[in-house]
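K.L.:
fold the following and give me the result.
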Amino acid sequence: MTQTAEALASKLKSIIRDVPDFPKKGIIFKDITPLLADHAAFTELVKAFADHYRKAGVTKVLGIEARGFLLAAPLALELKAGLVPVRKKGKLPYKRVSATYALEYGTDTLEMHEDAVKPGEKVLVVDDVLATGGTAAAVCEMVDKLGAKVAGVAMLIELEFLKGRAKLGAHEVHSLIKY
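P.N.:
Below you'll find the predicted structure:
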């Protein structure tokens, strides 16, 4: 991590709020809403992601429900790319492709429209937190099914102790903040 990247990570960490015992006892939730409310910091994080991926040829930015939408939308504009929402099962109106992934207490399913990305397109997968990696891996699976290429996986926060990167195989992962 460069000095500038370290300084940005430190600044962003100082704005993110820790909420103990949410959503259940023993979890320390990383609340990014104060960061989103800080125009200067939010602008810096979008610029940092855009600078990292500007030369990657990204044509679509995939935002994972729900906080991933908040990061993906301004990033798509900055990269001059389209925005694709990846939603929980049953939330999209058109023909969909889906992937199911494991949770600690069961499974969940994500979907996106089957015409959202085209074969050969380069897409960027964006979310707020990389934890165990199941969610991001499911999105990458859908991208592969549709014949597009994952240019990278961009995460605001990476919880390194949960080893989520391992589920993403050879996909490049870029996280601004690591815990």
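K.L.:
any stretches of the chain with poor pLDDT?
P.N.:
Low-confidence regions of the chain, defined here as pLDDT under 70, cover residues 1, 3.
K.L.:
quick one: the helices in it, in order.
P.N.:
Taking DSSP state H, the helices of the chain run over residues 3-15, 33-37, 39-53, 67-79, 134-145.
K.L.:
mind checking these for the one nearest to Lys88?
P.N.:
Lys88 lies closest to helix 134-145 among these, at 10.3 Å (CB to CB). C-betas here are computed from N, CA, C, even on glycine.
K.L.:
what lies in contact with the closest one?
P.N.:
62, 64, 86, 97-103, 108-112, 117, 123, 125, 127, 130, 149-150, 153, 155, 164, 167-168, 171 (CB atoms under 8 Å, 6 or more residues apart in numbering).
K.L.:
got the helices of the chain as TSV, with mean neighbour count and distance to Lys24 columns?
P.N.:
Output for those, formatted as TSV (neighbours: other CB atoms under 10 Å; distance: least, CB to CB, whole Å):
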stretch	mean neighbour count	distance to Lys24
helix 3-15	14	23
helix 33-37	15	19
helix 39-53	17	28
helix 67-79	20	18
helix 134-145	22	18
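K.L.:
and these as a markdown table, adding distance to Ile177?
P.N.:
Formatted as a markdown table, the helices of the chain follow (distance: least, CB to CB, whole Å):
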| stretch | distance to Ile177 |
| --- | --- |
| helix 3-15 | 5 |
| helix 33-37 | 10 |
| helix 39-53 | 9 |
| helix 67-79 | 12 |
| helix 134-145 | 16 |
